[in-house]
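In: have a look at this fold, sequence not included:
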């Protein structure tokens with residue numbers, strides 16, 4: 001809950017945000033009514049509002065009571081991604097409804113990407129203040145401010161936005177919009193039952209602002225609510241944690257880029273894993289690694305259309321026949337499929353709470369991470385089994401990739417965590433190489449699909465035997481992070497989940513116990529011990545929320561259902577007020593890293609589904 005003035009000189013906690021979107025991009029809305037992160041026209045476009053990365057230079061869109069002494073609470077309109085921020089003052093109760101329409105947004109050949117903020121006074125009489133301060137291209141581009149009778153144009157070299165509906169003669173007592181620095185500001189008053197909408201949309205440079213009627217705005221609101229409720233109605237989950245699973249599903253849909261079906265890892269960049277640290281990365285791209293988990297989650301819940309769209313995106317990546325340092329595939333791509341993601345630092349931005357550097361792009365795209373081939377082929381296997389049979393062309397690409405992996409699986413790489421401390425023989429990379437070949441063999445046998453089956457069988461068994469010989473430490477009584485080490489790694493919690501080892505095998509049970517003793521803190525799970533396994537970066541990090549849900553599922557499959565349920569319920573208490581998770585949980589329970597993280601919500605869905613099944 002936010003209070004007036006509580007964060008005036010500081011940043012809102014990362015968790016004090018909700019998000020709205022239109023399947024192209026999202027806006028982060030703070031509990032104080034301020035949008036401090038918004039990129040348009042796509043997730044990975046330059047920011048227009050970026051105050052979350054620099055409160056002074058980044059730009060913002062504030063809408064809240066004009067008087068001091070207010071408090072606020074946020075909720076989602078039930079079963080939708082329409083966000084409501086409610087304000088409580090001495091004079092009355094009001095709310096701001098934030099949403100981005102999904103359908104009917106193309107006008108004169110331009111996708112409008114409308115961001116609508118509808119203010120309603122529920123009780124009493126209230127005075128509101130609006131301030132819009134765009135800073136285009138991560139606050140690097142200059143822009144013009146052009147005042148119109150029914151709004152204002154913000155025109156930059158590459159993008160023009162219109163704030164419309166902002167001037168209405170029927171609003172009662174109001175001060176007109178006035179220019180302030182590179183934006184505008186106004187106050188206005190509303191009585192109970194009255195409403196006022198503001199529409200920010202992408203327009204041609206010569207656009208003339210127009211008024212928006214309450215009927216038009218209400219129609220867009222009802223259409224958006226209807227879209228989300230119709231979509232969620234396809235969910236098949238009816239278990240104990242329906243509200244959390246539905247919110248995770250709605251969040252994953254928000255993180256889907258409609259034109260290609262790709263899912264971004266997170267819609268933000270450079271939110272720190274440690275305050276003041278350098279672990280700040282751009283997550284607005286699509287990782288091949290997320291594919292299997294995404295398809296598993298979508299198919300389990302009954303969202304076959306989304307799974308098909310993501311599978312088509314993966315098909316396009318396999319077809320490209322790239323020959324880079326990591327093999328025929330990169331570990332990540334742009335949401336439009338582009339391979340070039342050059343990393344740069346925005347030195348003019350101070351970072352969230354002075355956590356520099358602010359990075360855009362991602363240099364890890366060129367790393368070799370052999371585990372991605374396991375996640376890729378497993379996603380094809382899952383889609384073939386639970387979606388629809390894969391086509392011949394897809395199988396041709398699968399065969400080519402598996403044949404390549406048979407030649408290259410026994411190489412050092414950077415591993416799942418994209419460490420920058422040198423390549424190693426990571427056990428998880430070997431594990432997922434085994435998964436890739438094993439799943440290809442399954443599809444070969446199930447459908448009689450062609451392939452070099454004798455070679456595949458031989459390489460599958462070589463990897464299996466090597467993991468047992470080199471990846472298991474007799475001294476630790478556990479599988480370890482990389483060959484020759486005694487370090488534990490939470491990625492190995494997936495060993496029973498991918499069916500490499502029986503979930504109650506004594507070697508696995510001892511590994512699970514070791515992870516529980518060393519990497520788990522009150523149900524929260526660290527990825528690895530940074531002191532025991534330096535990763536080439538300064539500073540520390542919090543527990544990894546995704547790994548905590550993996551731990552829950554590993555406990556469940558090991559038959560320790562009581563422990564699993566308690567760990568799951570505890571983890572739910574670390575969600576924010578809307579049921580959303582950032583990448584990590586800090587030492588005092590605060591959310592850290594990019595927000596919200598798709599992988600965490602995918603892991604939540606999987607853990608809830610399997611825990612439900614074991615509870616009966």
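Out: Here it is on my side, so go on. Source: prediction; values computed, not measured.
In: can you confirm residue 292 is in a strand?
Out: No: Residue 292: not assigned to a strand; according to DSSP: H, G, I helix; E, B strand; the rest coil it is helix.
In: just confirm it contacts residue 382, I think it does.
Out: Yes: assessed by C-beta atoms under 8 Å, residue 292 is found in contact with residue 382 at 6.5 Å. (Each C-beta comes from the backbone N, C-alpha and C, glycine too.)
In: out of these two, which sits in the busier spot?
Out: Regarding residue 292 and residue 382, a neighbour count based on other C-beta atoms under 10 Å identifies residue 292 as having more, with 26 against 22.
In: the more buried one: what's it in contact with?
Out: 374-376, 378-379, 382 (C-beta atoms under 8 Å, 6 or more residues apart in numbering).
In: per-residue confidence for it?
Out: Looking at residue 292, its pLDDT is 75.
In: what about it, distance to residue 33?
Out: Residue 292 sits 39 Å away from residue 33 when distances are taken as C-beta to C-beta, to the nearest Å.
In: so how far is stretch 216-231 off the chain centroid?
Out: Relative to its parent chain, stretch 216-231 has a centroid offset of 23 Å by C-alpha atoms, centre = their mean, to the nearest Å.
In: ok, stretch 116-135 next?
Out: 28 Å.
In: before we move on, what about stretch 392-411?
Out: With C-alpha atoms, centre = their mean as the basis, stretch 392-411 stands 29 Å off its chain's centre.
In: if you count neighbours, what's buried in that stretch?
Out: By 16 or more other C-beta atoms under 10 Å, the buried positions in stretch 392-411 come out as 394-395, 397-399, 401-403, 405-406, 409.
In: what does stretch 424-444 give?
Out: Buried-residue list, stretch 424-444, by 16+ other C-beta under 10 Å: 424-441, 443-444.
In: again, but for stretch 61-72
Out: Applying a neighbour-count criterion of 16+ other C-beta under 10 Å, one finds 61-67, 70, 72 buried in stretch 61-72.
In: which pair of those residues spans the longest distance?
Out: Checked with C-beta to C-beta, the buried residues of stretch 61-72 reach their widest spread between 61 and 67, with 19.7 Å between them.
In: what stretches of the stretch 351-500 of the chain score poorly on pLDDT?
Out: Scanning the stretch 351-500 of the chain with the threshold set as pLDDT under 70 gives 419-420.
In: and the helices in it?
Out: Remark: helices assigned in the stretch 351-500 of the chain by DSSP state H, counting those that start in this stretch are 371-382, 392-408, 427-447, 453-470.
In: of those, which is nearest residue 198?
Out: Across the helices of the stretch 351-500 of the chain, closest to residue 198 is helix 371-382 (C-beta to C-beta), at 41.4 Å.
In: show me what the closest one is packed against.
Out: Where contact means 3 or more C-beta pairs under 8 Å, 6 or more residues apart in numbering; DSSP states H and E, helix 371-382 is packed against helix 290-301, helix 304-319, helix 392-408, helix 427-447.
In: turn those into TSV, including distance to residue 269.
Out: Below are the helices and strands packed on helix 371-382 laid out as TSV (distance: least, C-beta to C-beta, whole Å):
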stretch	distance to residue 269
helix 290-301	17
helix 304-319	21
helix 392-408	30
helix 427-447	26
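In: quick one: closest of those helices to residue 197.
Out: helix 304-319 (30.4 Å).
In: list the buried ones in that closest one?
Out: Residues of helix 304-319 classed as buried by neighbour count (16+ other C-beta under 10 Å): 306-311, 313-314, 317-318.
In: just the helices in this protein please.
Out: Taking DSSP state H as the test, the helices found in the chain are 136-139, 214-232, 242-254, 290-301, 304-319, 371-382, 392-408, 427-447, 453-470, 506-518, 545-557, 561-572, 598-615.
In: from the middle of its chain, how far away would the third one be?
Out: Between the mean C-alpha point of helix 242-254 and the mean C-alpha point of its chain there is a distance of 12 Å (C-alpha atoms, centre = their mean).
In: how near is residue 194 to residue 152?
Out: Applying C-beta to C-beta, the value for residue 194 to residue 152 is 22 Å.
In: follow-up on the earlier one: just the closest of the buried residues of stretch 392-411 to residue 275, please.
Out: residue 409 (38.9 Å).
In: if we can go back for a sec, and the helices and strands packed on helix 371-382: which comes nearest residue 562?
Out: Nearest to residue 562 among those is helix 290-301 (23.6 Å), distances taken as C-beta to C-beta.
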